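**Student:** Got a predicted model here, sequence first, then my questions.
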Amino acid sequence: MNKGICHFCGLEKELIKSHIMPKCFYKLDEYGPITLYKPNSKESFIGKYQNGLTEPLLCASCDTRIGKYDGYANKLFYKKLPELKPVVKDGKILYLFTPKNFDYQKLRLFFVSLVWRASISSERFSLGKKYEPMALKFLKQGFMENDNLFFPIIFRKNTGTGLDFMSSMYGRKLYGQKACVFRSPNYEFIIVTNLEKCTDNNAIAEIKTRCSEKCLIVEEQNTLDRYDFKLKNVLLQCTATKN
């Protein structure tokens, strides 16, 4: 263990190796050591990780406190969702959760914890001086004050390609606003820093209907989108460079 300042409680304690992406989402028991696409400060590369991506960020008690959201989200997406019968609307395959079968605040705080951990780590994504303290505030108080902040867009990946099982984390822009993308086996989570700052009001209105206290909608993607192709090309380049 390393002694240092815990990013959550602010106290000097022994720091454990905290998972930036939750360990349970890597599905190590099923797939073994993960292949992770991880951008660093100079270039993108592919790495093999026996235990997921970790850094000494939190003390044990604070890591456990945040970890309850990881466990909740893991159960929701990997156990409850497969039991749902999907519906088809406008050619899209959708999984619908009602308020009876998901906890809105726990789910939103899970995504806040994801993007906050990415921001305080050494990775290339940062929420900045304005939004990083807001994320920590929400996590400490245990509820969201502004539903437009750290908004999740959730896709279940079922393209039949190896990209479905890729783990990665990277920043991108969505409708002119900063977002962080997390990919784990069968899922892609796009967390938009602030929906209010986005440039396409019509698209944002539709996105907001997908995650609210009234319902949660997860769209299944059966074909590769343009970001999948972009990721595929980057991975091919990384592999060629590595070899």
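**Tutor:** Cool, got the structure.

**Student:** helix/strand/coil for Ile204?
**Tutor:** helix (DSSP: H, G, I helix; E, B strand; the rest coil).

**Student:** if I pick it, what's in contact with it?
**Tutor:** Tyr175, Leu195, Cys198 (Cβ atoms under 8 Å, 6 or more residues apart in numbering). All C-beta spots, glycine's among them, are computed from the backbone N, C-alpha and C.

**Student:** mind running it again at 10 Å?
**Tutor:** Applying Cβ atoms under 10 Å, 6 or more residues apart in numbering to Ile204 gives the contacts Asn148, Phe151, Leu174, Tyr175, Gln177, Val192, Leu195, Glu196, Lys197, Cys198.

**Student:** Helix, strand, or coil at the nearest residue to the third one once chain neighbours are set aside?
**Tutor:** The reference is to Leu174. Distance criterion Cβ to Cβ, 6 or more residues apart in numbering; nearest residue to Leu174, sequence neighbours excluded, is Val192 at 5.5 Å. Under the three-state scheme (three-state DSSP), Val192 adopts strand.

**Student:** Count the neighbours of Val192 for me.
**Tutor:** 26 (other Cβ atoms under 10 Å).

**Student:** what are the bridge partners for the residue nearest the centre of the chain, then?
**Tutor:** When Cα atoms, centre = their mean is applied to the chain, the residue found nearest the centroid is Phe182 (3.9 Å). Counting by DSSP bridges, Phe182 forms beta bridges with Met169, Phe189.

**Student:** Could you double-check that it lies in contact with Lys157?
**Tutor:** No. Checked against Cβ atoms under 10 Å, the pair Phe182 and Lys157 is beyond contact range at 12.0 Å.

**Student:** now the contacts of Ile204: which count as buried?
**Tutor:** Buried by 16 or more other Cβ atoms under 10 Å: Phe151, Leu174, Gln177, Val192, Leu195, Cys198, out of the contacts of Ile204.

**Student:** Tell me the one among these nearest to Asn222.
**Tutor:** Leu174 (21.4 Å; Cβ to Cβ).

**Student:** So in terms of bridging, what pairs with that closest one?
**Tutor:** Gln177.

**Student:** State the mean pLDDT of stretch 104-122.
**Tutor:** In this model, stretch 104-122 has a mean pLDDT of 96.

**Student:** buried stuff in it?
**Tutor:** Buried, per 16+ other Cβ under 10 Å, within stretch 104-122: 104, 106-121.

**Student:** same thing with stretch 120-137?
**Tutor:** Buried-residue list, stretch 120-137, by 16+ other Cβ under 10 Å: Ile120, Ser121, Glu123, Phe125, Leu127, Tyr131, Glu132, Met134, Ala135, Leu136.
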